[in-house]
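**Q** Based on what follows, work out the 3D shape:
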Amino acid sequence: MGFFKILLIDSSVDLSTINENLTEDSLFEEKWILTYESIIHGWLSPIGPNPLEVNEYFKILKDNNIKFYDETIIAKPLAIRGLEGELSEEKPPVEVPPVEVPPVEVPPVEVPPVEVPPEEEYYEEPQEEEYSDEEDSSYY
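**A** Predicted structure coming up:
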């Protein structure tokens, strides 16, 4: 199977979970390119209906044989002039000199006390207002 050869995956790896996820919904997720290319190249087969046949937009791409991955292109390693030995992902630690920060004095802030009046002073029971059609006729 081309998928195993290209991705250097051991043929004993179980891909059934990936096959189950080759759905129309997966064409609109981050893994859309995996779904599209694996079906176009025949690396994997969807368990249900082929999402590239079901979705009208991806069907156009499939019918026009649009591919984003070209199996014939092989990346060549680049040599960097003046670099000897193997590249390492490790970066040396960066030493940062200590910075002395002077203490800052914040003057105390006095907050005056808030006086809250007793409940009966600020709460009034709502009173019903009487309306008359004659009084409000100017609004109509």
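**Q** how near is residue 32 to residue 68?
**A** Distance of residue 32 to residue 68, given as Cβ to Cβ, to the nearest Å: 10 Å. Using the backbone N, CA and C atoms, a C-beta is placed for each residue, glycine as well.
**Q** neighbour-wise, which of those two wins?
**A** Summary of the neighbour comparison: residue 32 and residue 68, criterion other Cβ atoms under 10 Å, with residue 32 having more neighbours (14 against 9).
**Q** in this protein, which spans are helices?
**A** Assigned by DSSP state H, the helices in the chain fall at 2-7, 16-20, 32-40, 51-54, 56-63, 119-122.
**Q** quick one: the longest one to helix 56-63, angle?
**A** Orientation check (axes from the mean of the first three to the mean of the last three Cα atoms, to 10 degrees): helix 32-40 against helix 56-63 gives 50 degrees.
**Q** Output the contacting helices and strands for helix 32-40.
**A** Here helix 32-40 is seen to pack against helix 51-54, helix 56-63 when contacts are counted using 3 or more Cβ pairs under 8 Å, 6 or more residues apart in numbering; DSSP states H and E.
**Q** how does it look with 6 Å?
**A** With contacts taken as 3 or more Cβ pairs under 6 Å, 6 or more residues apart in numbering; DSSP states H and E, helix 32-40 sits against no other helix or strand.
**Q** And it, what's buried?
**A** Buried residues in helix 32-40, counted by 16 or more other Cβ atoms under 10 Å: 34-40.
**Q** would you turn these into TSV with pLDDT and distance to residue 102?
**A** Putting these into TSV (pLDDT from 0 to 100; distance: Cβ to Cβ, whole Å) gives the following:
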residue	pLDDT	distance to residue 102
34	90	56
35	91	59
36	93	60
37	92	60
38	90	62
39	91	65
40	92	65
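**Q** Looking at these, which is nearest residue 126?
**A** Distances from these to residue 126 were compared by Cβ to Cβ; the smallest belongs to residue 35, at 63.3 Å.
**Q** How about that closest one, nearest residue that isn't a chain neighbour?
**A** Taking Cβ to Cβ, 6 or more residues apart in numbering, and ignoring the residues beside it in sequence, residue 35 has residue 26 as its nearest neighbour in space, at 4.5 Å.
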